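In: I would like to see how this sequence folds:
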Amino acid sequence: MSSAPPLPRLSDAQPYGAPAGATAIRGRGPWTLAWERLRHDRVAMVSLVVIVLIVLVAIFAPVFSAITGHGPDDQYRQTGLTPDGLPVPPSSEFWLGTDDLGRDILVRIAYGARISLLVGVAATALTVVVGVIVGLAAGYLGGFVDTVLARLVDVVLSVPFLLVAIALVSVTGPSLAVEVLVIGFFSWASVARIVRGQVLSLREREFVEAARSVGAGTGRVMFVDVLPNVLAPVIVYASLLVPVVIVVQATLSFLGLGLQPPTPDWGGMISDALPYYRTSWWFVIFPGAALLTTTLAFNLLGDGIRDAVDPRTDRLLNG
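Out: Numbers count the residues shown, from 1 in each chain. I've put the predicted structure just below:
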């Protein structure tokens, strides 16, 4: 007895009225559509490539040191300074010139990228985690909890961030951990306000009511059912917050409140270069260009991500 032919799979079924051999239409989720929009944004893709290159420079900073034979803190007062004690310009020995102590600017920029990226990513991650938790709790629980947390957000947003950050770093002493904590502490309120507004509009939706009706607890509804629906604006805000954090960290270092010398730091390098901007242009141009390129790339990528995840975007996909 011959076996019955296998039933066709649902994925192999053709739409009604479609010609034989036509390709089945597959649905695309919101994240797939967002990636398609982002992939067709040339500015965002170029910015992403630039960011990847900067990350690689930071990771392989010891390689730059090995190739040039110069450590980030090594001072070459004989070959790295002129007879008048000024930095030497770019040359075959010092590709981007030297600073006021005869140190290789290229190597110090590469090591300084580690500090900027680490603070930018760590402080942003801390900001997002605290802001999402507070925003979820305020928007979903409502009532007294919402009132207290919303007023706390208002208080934090009203504090002059930079002045208080300078004061705290001055009191506690500059360190990488202090910078991350200070920046993260004064940045979470904006994320919390965004998440709270989104959760207020979601907590009465049908899928939330369905989760409650089957006995899902408060924590599960908040973090499993509601949180995925507010990730898009959080990701956009986080991508735009990274360059802000990098600039704040560089500002603290520029004011002498960042990591202490001789640790390479872009803000500290720009501060050291100010007395020499007339005679040694490379001393201030190259660290400033590194900071500008990094922040600009993150900002342009953030704009691209914002357009990609916005379902109301007017941009059309080609192909």
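In: spatially central residue for the protein, please.
Out: The residue lying closest to the centre of the chain (CA atoms, centre = their mean) is residue 242, at 3.3 Å.
In: checking it next. Helix, strand or coil?
Out: With DSSP: H, G, I helix; E, B strand; the rest coil as the basis, residue 242 sits in helix.
In: can you tell me which residues contact it?
Out: 120-121, 124, 298, 302 (CB atoms under 8 Å, 6 or more residues apart in numbering). To be clear about C-beta, it is placed using only N, CA and C from the backbone, and glycine gets the same treatment.
In: one more pass at 6 Å, please.
Out: By CB atoms under 6 Å, 6 or more residues apart in numbering, the contact set of residue 242 is 120, 124, 298.
In: just these now: which is nearest residue 210?
Out: Distance to residue 210 across these (CB to CB) is lowest for residue 124, with 33.7 Å.
In: for the strand or helix carrying that closest one, what is the average pLDDT?
Out: According to DSSP states H and E, residue 124 maps onto helix 105-141. In this model, helix 105-141 carries a mean pLDDT of 93.
In: any idea which helix or strand comes after it?
Out: Next helix or strand after helix 105-141 toward the C-terminus (DSSP H and E): helix 143-158.
In: about what we covered before: relative to residue 112, which of the contacts of residue 242 is nearest.
Out: For these, the closest approach to residue 112 (CB to CB) belongs to residue 120, at 12.3 Å.
In: sorry, back to before: measure the residue nearest to the centre of the chain to residue 45 for me?
Out: Per CB to CB, to the nearest Å, residue 242 is found 18 Å from residue 45.
In: the residue nearest to residue 104 when sequence neighbours are not counted: what secondary structure?
Out: Nearest in space to residue 104, with sequence neighbours left out and distances taken as CB to CB, 6 or more residues apart in numbering, is residue 70 at 3.9 Å. What three-state DSSP gives for residue 70 is coil.
In: neighbours around residue 70, how many?
Out: By other CB atoms under 10 Å, 24 other residues sit near residue 70.
In: check residue 186 too.
Out: Per other CB under 10 Å, the neighbour tally for residue 186 reads 21.
In: my read: it touches residue 161, true?
Out: Yes - at 4.6 Å, residue 186 and residue 161 qualify as touching, with contact defined as CB atoms under 6 Å.
In: which parts of this structure are strands?
Out: Counting by DSSP state E, the chain has no strands at all.
In: and the worst-scoring helix or strand of it on mean pLDDT, how far out from the chain middle?
Out: Lowest on mean pLDDT, DSSP states H and E among the helices and strands of the chain sits helix 30-39, with a mean of 77. The gap between where helix 30-39 is centred and where its chain is centred comes out at 19 Å by CA atoms, centre = their mean, to the nearest Å.
In: please begin residue numbering at 32 from this point
Out: Sure thing, new numbering starts at 32, so read that last one as helix 61-70.
In: name the residues of that helix that are buried.
Out: The neighbour-count check on helix 61-70 (16 or more other CB atoms under 10 Å) flags 65, 68-69 as buried.
In: any chance of these in CSV, with distance to residue 286 too?
Out: Output for the buried residues of helix 61-70, formatted as CSV (distance: CB to CB, whole Å):
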residue, distance to residue 286
65, 39
68, 40
69, 36
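In: which one of those residues is nearest residue 317?
Out: Distance ranking of the buried residues of helix 61-70 against residue 317, using CB to CB, places residue 69 first at 30.6 Å.
In: re the thing from before, got the phi and psi for the residue nearest to residue 135?
Out: phi -120, psi 130 (degrees, to the nearest 10).
In: pretty sure it contacts residue 138?
Out: Yes - contact between residue 101 and residue 138 holds when scored by CB under 6 Å: they sit 5.2 Å apart.
In: first to last residue in stretch 97-114, what's the distance?
Out: Its first and final residues considered, stretch 97-114 spans 27 Å by CA to CA, to the nearest Å.
In: where does pLDDT dip in the stretch 182-331 of the chain?
Out: Along the stretch 182-331 of the chain, the model assigns pLDDT under 70 to no residue.
In: repeat that with 90
Out: By pLDDT under 90, the low-scoring segments of the stretch 182-331 of the chain are 187-218, 221, 228-229, 231-271, 279-280, 282-296, 305-311.
In: about what we covered before: which one of the buried residues of helix 61-70 is nearest residue 231?
Out: Nearest to residue 231 among the buried residues of helix 61-70: residue 65, at 23.6 Å, using CB to CB.
In: report the separation between that closest one and residue 338.
Out: Between residue 65 and residue 338 the computed distance is 9 Å (CB to CB).
In: again, but for residue 311
Out: On the measure of CB to CB, residue 311 and residue 338 end up 41 Å apart.
In: do residue 137 as well
Out: With distances taken as CB to CB, residue 137 is found 35 Å from residue 338.
In: of those two, which one has the most company?
Out: A count of neighbours by other CB under 10 Å puts residue 137 above the other of residue 137 and residue 338, at 22 against 19.
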